[in-house]
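Participant: below are the sequence and a predicted model; questions follow.
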Amino acid sequence: MSTQTFQVNGMTCGHCTAAVTDELTTLEGVTDVTIDLVKGGTSDVHVVSDRALSREEVAAAVDEAGYELARPGSLPLA
């Protein structure tokens, strides 16, 4: 099992977190997603999976949900 944390910009509510969770759980091997929501800021998204996920595949899933990954090393928006 692998747990990775990604930062996602712009989520504001439960619908946002549900959309991101739904897209991430379609990735092969993902077994759990939890989100520490920072309304309108940069939220931590914790992904548990059977394998390490690439930043590119996570970014594509988050983009499909209508949001974007924060750039590595960027300061939180909140």
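Facilitator: Nice, thanks for sending it over.

Participant: after the strand or helix carrying residue 6 comes which helix or strand?
Facilitator: Residue 6 is part of strand 2-9 when elements are defined by DSSP states H and E. Sequence-wise, the next helix or strand downstream of strand 2-9 (DSSP H and E) is helix 14-24.

Participant: and that following helix, what does it pack onto?
Facilitator: Under the contact criterion of 3 or more Cβ pairs under 8 Å, 6 or more residues apart in numbering; DSSP states H and E, helix 14-24 touches strand 30-36, strand 42-49, helix 55-64. Where you see a C-beta, it was placed from the backbone N, CA and C, and this is true even at glycine.

Participant: between those, which gets nearest to residue 10?
Facilitator: strand 42-49 (8.5 Å; Cβ to Cβ).

Participant: for the closest one, the distance to its chain's centre please.
Facilitator: Between the centre of strand 42-49 and the centre of its chain there are 5 Å (Cα atoms, centre = their mean, to the nearest Å).

Participant: could I get the average pLDDT for it?
Facilitator: Strand 42-49 shows a mean pLDDT of 97.

Participant: partners of that strand in the sheet?
Facilitator: Strand pairing for strand 42-49, using DSSP bridges, gives strand 2-9 (antiparallel), strand 30-36 (antiparallel).

Participant: mean neighbour count added to the ones you listed, as JSON lines?
Facilitator: Formatted as JSON lines, the strands paired with strand 42-49 follow (neighbours: other Cβ atoms under 10 Å):
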{"stretch": "strand 2-9", "mean neighbour count": "16"}
{"stretch": "strand 30-36", "mean neighbour count": "16"}
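
Participant: would CSV of those with mean pLDDT and distance to residue 45 be doable?
Facilitator: As requested, the strands paired with strand 42-49 are exported to CSV (pLDDT from 0 to 100; distance: least, Cβ to Cβ, whole Å):
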stretch, mean pLDDT, distance to residue 45
strand 2-9, 96, 5
strand 30-36, 98, 5
